[in-house]
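Student: Mind looking at a prediction? Sequence and model below.
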Amino acid sequence: MKKIFVICLFVVLPLLANAEGDEHLDKANVDLSNQKSLQNGARTFVNYCLSCHSARYMRYSRMAKDIGLSKKELKKDYMYAGNKVGETMTVAMTGAESKAYFGIKIPDLTVIARSRGPDWLYTYLRTFYTDSSRPWGVNNATFKDVGMPDVLWKLQGLQKAIFKTHKDAEGNAIKVITGYKTVVPGTMSKAEYDKTIHDLVNFLVYMGEPAKMVRYALGVKVLIFLAVFLVLAYALKKEFWKDVH
């Protein structure tokens, strides 16, 4: 019993810790079965992210096949760097150049959803706010003092954080963000921007594990087979045991 208790303790405690740490995150509610969402997310990714961030483990051809794009659509709306359809989604900027421009080596985004989580990404991309003390003039409530500029500000607009000061258990004054106020309107409404970020995160989740979509499709077939097999098995059981008293 002691061994079982220890095993359960080690399994449950990390889950409780993660749940507690993620309370402030907004839910992304990803849906990999929504191809239109994945297509919109991929379009946002190649337009706003792929100029700096690479996705070197994802091929254009695989992406097109999985999210329902024709070769013509892929070349017209999703390929701007002159790449070939079978190539991976790389960028021209080198690690040394990104370090010189931004102070850090810009990460590849192929598996970013698996390392950060969809809820974190969804919250992060919606919580940039103006901060004149930062090199790019913006900061982020989810990733404090982040080195990334707000590349989506033309869509969302620029927003100012509303701070409230309170004291912690030790009596120290702490400033917390209680909301945001738009100071420069964007081209999208809040609902439209949230939908755009949802679609982008949806695509990032797909890109982190493309085989998940195959498993989903296979899982439906397996469940249908099991349902049919259950009916046949029950009918056989009744037939075999009907004369047994």
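Tutor: Okay, I see it.

Student: What are the boundaries of the helices in this protein?
Tutor: 2-21, 35-44, 60-67, 71-77, 95-102, 112-116, 118-124, 153-156, 190-208, 211-241 (DSSP state H).

Student: mind checking which of the ones you listed is nearest residue 29?
Tutor: helix 190-208 (7.1 Å; C-beta to C-beta). The way it works is simple: take the backbone N, C-alpha and C, and place the C-beta from them, glycine included.

Student: picking that back up, of the helices of the chain, which is nearest residue 147?
Tutor: Comparing the helices of the chain by C-beta to C-beta, helix 95-102 comes nearest, at 5.3 Å.

Student: before we move on, back to that, can you list the helices of the chain in a markdown table and add distance to residue 144?
Tutor: Listed next are the helices of the chain as a markdown table, based on distance: least, C-beta to C-beta, whole Å:
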| stretch | distance to residue 144 |
| --- | --- |
| helix 2-21 | 15 |
| helix 35-44 | 25 |
| helix 60-67 | 33 |
| helix 71-77 | 35 |
| helix 95-102 | 16 |
| helix 112-116 | 15 |
| helix 118-124 | 11 |
| helix 153-156 | 18 |
| helix 190-208 | 19 |
| helix 211-241 | 31 |
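
Student: among the ones you listed, which is nearest residue 27?
Tutor: helix 118-124 (5.8 Å).

Student: What's the separation between the nearest residue to residue 184 once chain neighbours are set aside and residue 138?
Tutor: Excluding its sequence neighbours, the residue lying closest to residue 184 (C-beta to C-beta, 6 or more residues apart in numbering) is residue 158, at 3.9 Å. Plainly put, residue 158 is 8 Å away from residue 138 if you go by C-beta to C-beta, to the nearest Å.

Student: Quickly list what's touching both of these two.
Tutor: 130, 150 (C-beta atoms under 8 Å, 6 or more residues apart in numbering).

Student: just to revisit the earlier point, need the pLDDT of the residue nearest to residue 184.
Tutor: Looking at residue 158, its pLDDT stands at 97.

Student: got the contact list for it?
Tutor: 130, 138, 150, 182-184, 186.

Student: For those residues, pick the one with the most neighbours.
Tutor: Neighbour counts for the contacts of residue 158, by other C-beta atoms under 10 Å, peak at residue 150, which reaches 21 neighbours.

Student: Skipping adjacent residues, who's closest to that residue in space?
Tutor: residue 128 (4.1 Å).

Student: which residues does the one you found contact?
Tutor: Contacts of residue 128 (C-beta under 8 Å, 6+ apart): 138-140, 150, 152-153, 156, 159.

Student: For it, give its distance to residue 119.
Tutor: 17 Å.

Student: Give me the contact list for the lengthiest strand in the chain.
Tutor: Counting by DSSP state E, the longest strand found in the chain is strand 173-185. Contacting residues not belonging to strand 173-185 are listed as 127, 129-130, 141, 153, 157-168 [C-beta under 8 Å, 6+ apart].

Student: change it to 6 Å
Tutor: With contact meaning C-beta atoms under 6 Å, 6 or more residues apart in numbering, strand 173-185 is reached by 141, 157-165, 167-168.

Student: Please apply the same query to stretch 74-89.
Tutor: Counting by C-beta under 6 Å, 6+ apart, 46, 55-56, 58-61, 64 sit against stretch 74-89.
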